[in-house]
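Chemist: The following comprises the amino acid sequence and a computationally predicted model.
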Amino acid sequence: MAVTDVKSVAAQIKRGELSRVYYIYGADIVQVETLTKQLIRKATGGNEDVALSKYEGNDVDMNELSDAAAMFPMMADYNCIWLHDFNAEKCREDQLKKLMDICDDAGEQTVIIFSVTGFDVKDGKKIPTPKNKKLIDKISKTGTVCEAAQRTFAEIAKWLMGLAQNSGCTLQRREAETLAARCMGNTVRLKSEIEKLCAYAGRGEITDQMITDLVAPSVETTVYALARAIVSLKPQAAMAELDRLYSMRTSRTFIVHAVATGFMDLYRAAIAWRSNHSMEDMKKDFGYKFDFVVKNAFRDCRNIQPEQLRACITVLRDLEQKLNSSAADERILLESAIVKMLEIASGRMELSL
């Protein structure tokens, strides 16, 4: 056994070829939850009440766990043990060693499942944190490790169309992509939103207007709309997006950071486009998860010079400094910065770079 993907584990479950130990984690929480439920259902034969032992977080006694792993299954093919959100970083070294020994010694009719949905195993880095990596590496030698990576934009759209179809509704690809973008690919939120839209549509078609009326845009989407309004020289639209951000009770720190991120996307795209680099190059070089973020940046950067975008980023840097060191009204400072960036984008302000 080794590290594998969601599809391979799902096929393994379907065939009934279960490993003794699983470690399932990743950015796509919905897939982690779905795969975990499928494993538990298969291992317990649906008899979770008598064949499943669940431990939450790090609230687990290793002696008790060892006893549970040695039990013979009753009314099910397997004795199933589920450790949800166990964080090895919070575990003493001797206890972690005992846990790994338990996984090694588990009987052939015991299935141990680690699933993580409540914290980032990688803590924002490219690889898991040291102790979690130690546990994952150990499990990968005899069991199955599966990282449910963030799905691509196309995969999310296809998934949404399938969910709608299963509920008796119709969702076209364009509308599915609109919905995915509106929620910034957050599959947990998307699952909830598609259920709401299907209930509203009955057994009909989910339209673009329904999505506009019923699905609030994410903060990130609104922030990008603000950045786009500035580079498109639309002051009324820019102020309207700022109003929307405040109505979401978004902190000013997040607003400034997110707008700066939006301008960085545009700046990277402007440099890439003028240097004859492709969208795929930009996505790969800077680790973007979604094609549509890069695609939109390429679309919106062409009517503004990189020097102007760089000047806007400088304005946002200065804004952050003023907000942190001044008692001035933050809304006034934000609006003043937007006006200044509009002047830069229009070419009316001389750049001193």
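Modeler: Yep, that arrived. Numbers count the residues shown, from 1 in each chain.
Chemist: going forward, measure contacts and count neighbours with C-alpha atoms only.
Modeler: Fine.
Chemist: Verify the stated contact: residue 51 with residue 82.
Modeler: No. With contact defined as C-alpha atoms under 8 Å, residue 51 and residue 82 do not form a contacting pair (10.7 Å).
Chemist: Let me know the secondary structure of residue 113.
Modeler: Under DSSP: H, G, I helix; E, B strand; the rest coil, the three-state class of residue 113 is strand.
Chemist: For it, report the pLDDT, please.
Modeler: The model reports residue 113 with a pLDDT of 96.
Chemist: Name all residues that make contact with it.
Modeler: Contacts for residue 113 (C-alpha atoms under 8 Å, 6 or more residues apart in numbering) come out as 21-24, 36, 80-83.
Chemist: okay if I get those as JSON lines plus secondary structure and pLDDT?
Modeler: Converted to JSON lines, these look like this (DSSP: H, G, I helix; E, B strand; the rest coil; pLDDT from 0 to 100):
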{"residue": "21", "secondary structure": "strand", "pLDDT": "95"}
{"residue": "22", "secondary structure": "strand", "pLDDT": "96"}
{"residue": "23", "secondary structure": "strand", "pLDDT": "97"}
{"residue": "24", "secondary structure": "strand", "pLDDT": "96"}
{"residue": "36", "secondary structure": "helix", "pLDDT": "96"}
{"residue": "80", "secondary structure": "strand", "pLDDT": "93"}
{"residue": "81", "secondary structure": "strand", "pLDDT": "94"}
{"residue": "82", "secondary structure": "strand", "pLDDT": "96"}
{"residue": "83", "secondary structure": "strand", "pLDDT": "96"}
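Chemist: Name the secondary structure element that contains the closest residue to residue 288 other than its chain neighbours.
Modeler: What sits nearest to residue 288 in space, not counting adjacent residues and going by C-alpha to C-alpha, 6 or more residues apart in numbering, is residue 294, at 7.5 Å. Per DSSP states H and E: residue 294 is located in helix 291-300.
Chemist: what's downstream of that helix, the next helix or strand?
Modeler: That would be, after helix 291-300 and using DSSP H and E, helix 306-325.
Chemist: buried set for that following helix?
Modeler: Within helix 306-325, the residues that count as buried by 16 or more other C-alpha atoms under 10 Å are 306-313, 315-316, 319-320, 323.
Chemist: Tell me the one of these nearest residue 231?
Modeler: residue 309 (8.4 Å; C-alpha to C-alpha).
Chemist: re the thing from before, can you tell me which of the buried residues of helix 306-325 is closest to residue 89?
Modeler: Using C-alpha to C-alpha, those come closest to residue 89 at residue 320, 34.1 Å.
Chemist: How about the closest one: what's its closest non-neighbour residue?
Modeler: Once flanking residues are discounted, residue 320 sits nearest to residue 256: 6.9 Å by C-alpha to C-alpha, 6+ apart.
Chemist: Can you give me the distance of that neighbour to residue 74?
Modeler: In this view, residue 256 and residue 74 are 57 Å apart by C-alpha to C-alpha, to the nearest Å.
Chemist: between the two, which one's more packed in?
Modeler: The neighbour count for residue 256 versus residue 74, taken as other C-alpha atoms under 10 Å, is higher for residue 256 (18 against 12).
Chemist: Report the rounded mean pLDDT for stretch 246-254.
Modeler: On average, stretch 246-254 scores 79.
Chemist: What residues sit buried inside the longest helix along the chain?
Modeler: As assigned by DSSP state H, the longest helix anywhere in the chain is helix 252-274. Neighbour counts over helix 252-274 (16+ other C-alpha under 10 Å) mark 252, 255-256, 258-273 as buried.
Chemist: Centre of the chain to it, how far?
Modeler: When C-alpha coordinates are averaged (C-alpha atoms, centre = their mean, to the nearest Å), helix 252-274 and its chain have centres 19 Å apart.
Chemist: Now do that helix: which elements does it pack against?
Modeler: helix 219-231, helix 279-286, helix 291-300, helix 306-325 (3 or more C-alpha pairs under 8 Å, 6 or more residues apart in numbering; DSSP states H and E).
Chemist: could those helices be laid out in CSV, adding distance to residue 128?
Modeler: Formatted as CSV, the helices and strands packed on helix 252-274 follow (distance: least, C-alpha to C-alpha, whole Å):
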stretch, distance to residue 128
helix 219-231, 26
helix 279-286, 20
helix 291-300, 25
helix 306-325, 32
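Chemist: Which one, of the ones you listed, ends up nearest to residue 134?
Modeler: Residue 134 lies closest, by C-alpha to C-alpha, to one member of the helices and strands packed on helix 252-274: helix 279-286, at 27.9 Å.
Chemist: Make sure the residue nearest to residue 320 is actually in contact with residue 316.
Modeler: Yes. Using C-alpha under 8 Å, residue 256 is in contact with residue 316, at 6.7 Å.
Chemist: any idea how far residue 133 is from the closest residue to residue 189 other than its chain neighbours?
Modeler: Leaving aside its sequence neighbours, residue 189 sits nearest to residue 183 (C-alpha to C-alpha, 6+ apart; 7.0 Å). With distances taken as C-alpha to C-alpha, residue 183 is found 31 Å from residue 133.
Chemist: low pLDDT regions in the protein?
Modeler: 1, 349-353 (pLDDT under 70).
Chemist: can you list the domain ranges for it.
Modeler: Following automatic domain parsing, one finds the domains of the chain at 3-147, 153-214, 219-346.
Chemist: How far away from the center of its chain is the second one?
Modeler: Domain 153-214 sits 17 Å away from the centroid of its parent chain (C-alpha atoms, centre = their mean).
Chemist: Repeat that for the last one.
Modeler: Once both centres are worked out by C-alpha atoms, centre = their mean, domain 219-346 turns out to sit 21 Å from its chain's centre.
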